[in-house]
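Colleague: Here is the input, now give the coordinates:
(chains A and B)
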Amino acid sequence: MLAAVVTNTVFGFLRFAVMLAILAAGARTVAGYDEPQLATFVWAGQGLIGVVLLWAPQDLAERIRTGDVVTDLLRPIDPLWQLLAADLGRAGYAACTRFVIPVVTGALVFHLYAPRRMITYALFACSALMATIVCFGCRFLVNAAAYWLLDARGPNTLWTLASGLLGGLHFPVWFFPDAMAVALIAGTPFPSIIQIPLDVLVERGSVGQQLALLAVQAGWVVAILALSRWVQACGERKLVIQGG
Amino acid sequence: MAETAWTAYRRLVGAQVRSQTQYRASFVADVIGSLLFGVIDVASVIVVFRVTPTLGGFTFPEVFLMTALAGYAFALGDLAVGNVERLRVYVRSGLFDALLVRPLSSLTQLAAMDVATRRVGRVAFGVVLVVVATAKASVPLTAARLTLLVVTPVAGALIFGAIFVATATVAFWWIESGEIANGLTYGGLNFTQYPITIYGTLFRRLFAYTVGFAFVAYYPALALLDRADPLGAPAMLGYVSPIVAVAAVIAAGLMWRTGVRHYRSTGS
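Modeller: Below is the predicted model of the structure:
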């Protein structure tokens, strides 16, 4: 945990240095963000990595490979909801630890943007919760690929690349052409994990626009969970118990 | 003796490569995945330059050259010793004992046993990147510059390799060190991709000068581009990367030896 926080914080310095250099090149705002907003975007983003748990060990894929997953199926609870419940508990703990440390570090060294509207805090909390669920669903789907592939390394590589580059982690998706950014936000789940919560937090746009972003996230929560449930059902039918 | 040790290492690596390439399709997919990780680093730099004309006083072709040199050096170092970060698994499970009882260097054994052949994808991409970046920055190809172009990635790879080893040794003292090394290894890659002028003074002193990351890409790139350092460092710094690399390797080697002496088996 501590190690991960240190790494997130180091990357906070690295990423924000690039943002500052862009601003130093002359512009007052970049892609609609001013300096404090970018600071909050980067540092809260580094904290959010741990809350949504962007990179997780592939426990489920490993359980499918070894065949241990059968014990999960014997329990009287659906494995998907069981995993989700455990993940939400983990996220709650991370919100008090892994989220706070990079944000406090950033706030001590740089000037962070504090939301002006009180409602933003509530909206951000909802957004972060939905981001956690979407991220959980994506990780579940990546792991569930092991039902068919017996190994989730390939899908996991693609997930790592897509979530970092297209989700707003390496840079806000608004650095892409506007049409592409909109297409990514509406058409892929990745921005719902990092980009949308951060846009809500730095109050990019009015309350109405924040609510619209939350609606997009809610859509992805439903879609990803439904897809996960369906994939799990197919996986159970497909399951070949290894080594039995 | 030296020759038999060399043969043993060659066999170890050979066996690893053969076993990892056994499933062709799976191996090809892994190579492509490794290549994509190289692509993503470059993509970030390209996207950043979509919103700004210069970065830290450098234009896109200049920064791109640094990115390419850093990416190639990292890929080489990662291929050779990147999996040393798994040391903590060996220490925790007690497997490290098995390495110590064999009459070969523990570090070389670990590197040989964990060589990740799939990372050739990223290395190949790194070569292409350096060639494209050199052409794009229109670096005049004199004999001196060509030598610098060949030597720099090797020196950079040694620096990254030293960082991989040095950070892995933390596991000898702190087994649950987790991803603490990533800040310096992957963080180091991120740092070296951009000119050091963009970083704050404290951060620059720590990463660029103390750890030596400025010698992976920044100073050699200045020499290749024939540009003076905006921070006022003398031009000859572009040619001293190999010396820095050797110093880094020696330091990492000493850390490793100290670590091995401190190693106490998990036992049972």
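
Colleague: excluding its backbone neighbours, what's nearest residue A:185?
Modeller: residue A:191 (4.5 Å; C-beta to C-beta, 6 or more residues apart in numbering or on different chains). Quick note: C-beta positions are derived from backbone N, CA and C, even for glycine.

Colleague: which residues does the one you found contact?
Modeller: A:166-168, A:173, A:184-185 (C-beta atoms under 8 Å, 6 or more residues apart in numbering or on different chains).

Colleague: Residue A:88 touches residue A:131, doesn't it?
Modeller: No. The pair residue A:88 / residue A:131 is not scored as a contact, 11.8 Å apart, by C-beta atoms under 8 Å.

Colleague: Who has more neighbours out of these two?
Modeller: residue A:131 (29 against 13; other C-beta atoms under 10 Å in any protein chain shown).

Colleague: And the helix or strand where the more buried one lies, what's buried?
Modeller: Taking DSSP states H and E as the definition, residue A:131 sits inside helix A:118-144. Going by neighbour count (16 or more other C-beta atoms under 10 Å in any protein chain shown), the buried part of helix A:118-144 is A:120, A:123-124, A:126-144.

Colleague: OK, contacts around residue B:47?
Modeller: Neighbours of residue B:47 in contact, by C-beta under 8 Å, 6+ apart: A:170-171, A:175-176.

Colleague: Can you tell me the SS state at it?
Modeller: At residue B:47 the chain is in helix, as set by DSSP: H, G, I helix; E, B strand; the rest coil.

Colleague: how many other residues sit next to residue A:152?
Modeller: 24.

Colleague: same thing with residue B:147?
Modeller: Residues near residue B:147, counting by other C-beta under 10 Å: 11.

Colleague: what helix or strand does it sit in?
Modeller: According to DSSP H and E, residue B:147 maps onto helix B:143-168.

Colleague: Tell me the pLDDT of the residue nearest the centre of chain A.
Modeller: Centroid-nearest residue in chain A, with C-alpha atoms, centre = their mean: residue A:193, separated by 3.3 Å. If you check residue A:193, the pLDDT there is 96.

Colleague: OK, contacts around it?
Modeller: Per C-beta under 8 Å, 6+ apart, neighbours of residue A:193: A:52, A:54, A:131, A:134-135, A:138, A:163, A:167.

Colleague: hmm, try it at 7 Å
Modeller: Counting by C-beta atoms under 7 Å, 6 or more residues apart in numbering or on different chains, residue A:193 touches A:52, A:131, A:134-135, A:163, A:167.

Colleague: what helix or strand is residue A:220 on?
Modeller: For residue A:220, the host element (DSSP H and E) is helix A:207-238.

Colleague: Could you list the contact residues of chain A toward chain B?
Modeller: A:3-4, A:6-7, A:10-11, A:13-14, A:17-18, A:21-22, A:25, A:27, A:30-31, A:153-154, A:157, A:161, A:164-165, A:170-171, A:175-176 (C-beta under 7 Å from any C-beta of the partner chain).

Colleague: Helices - which of those land there?
Modeller: Cross-referencing the residues of chain A next to chain B against helices under DSSP state H gives A:3-4, A:6-7, A:10-11, A:13-14, A:17-18, A:21-22, A:153-154, A:157, A:161, A:164-165.

Colleague: From these, list the buried ones, please.
Modeller: Buried among those (16+ other C-beta under 10 Å): A:3-4, A:6-7, A:10-11, A:13-14, A:17-18, A:21-22, A:153-154, A:157, A:161, A:164-165.

Colleague: Output the below-cut-off pLDDT ranges for the chain.
Modeller: By default, I'm working from chain A. A:240-244 (pLDDT under 70).

Colleague: um, chain B though
Modeller: Looking at chain B by pLDDT under 70, you get B:1-3, B:178, B:267-268.

Colleague: Mind jotting down where the helices sit in it?
Modeller: B:2-20, B:24-51, B:60-81, B:87-93, B:96-100, B:106-113, B:120-136, B:143-168, B:170-173, B:182-192, B:201-204, B:218-225, B:241-262.
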